[in-house]
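Enquirer: With the sequence up front, the predicted model follows.
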Amino acid sequence: MQKRVRQIHRWTSIVFTATVVVTFIALAQEDPLVWVSYTPLPPLVLLLFTGLYLFVLPYTSRRASDSSE
């Protein structure tokens, strides 16, 4: 599962970067569409959850190995 979460996190970061670039381009237009500024939010939320999981992972695995000794 850890490998899968890392892969999802990597691909989501690529999608997030692409949506940020598209948002900058869209908002630089003469008559910008305001709703485009919300497109990076779904990948950002997914990055938040996968990033928190990956951040906590070493601490939980260390705690599990300490309790098994």
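Expert: Received, thanks.
Enquirer: rest of the way, CA atoms for contacts and neighbours
Expert: Noted.
Enquirer: mind showing which ranges of the protein have poor pLDDT?
Expert: 64-69 (pLDDT under 70).
Enquirer: go with 80
Expert: 61-69 (pLDDT under 80).
Enquirer: Okay, helices next: where are they in it?
Expert: 2-27, 41-67 (DSSP state H).
Enquirer: The first one relative to helix 41-67, how many degrees between them?
Expert: Per axes from the mean of the first three to the mean of the last three Cα atoms, to 10 degrees, the angle that helix 2-27 makes with helix 41-67 is 160 degrees.
Enquirer: And helix 2-27, what's buried?
Expert: By neighbour count with 16 or more other Cα atoms under 10 Å, helix 2-27 contains the buried residues 9, 12, 13, 15, 16, 19, 20, 22, 23, 26.
Enquirer: what does the longest one give?
Expert: Of the residues in helix 41-67, those buried by neighbour count under the rule 16+ other Cα under 10 Å are 43, 44, 46, 47, 50, 51.
Enquirer: closest to residue 59 among the residues you listed?
Expert: Nearest to residue 59 out of the buried residues of helix 41-67 is residue 51 (Cα to Cα; 13.7 Å).
Enquirer: you'd agree that closest one is up against residue 9?
Expert: Yes: if you go by Cα atoms under 8 Å, residue 51 and residue 9 touch, sitting 7.1 Å apart.
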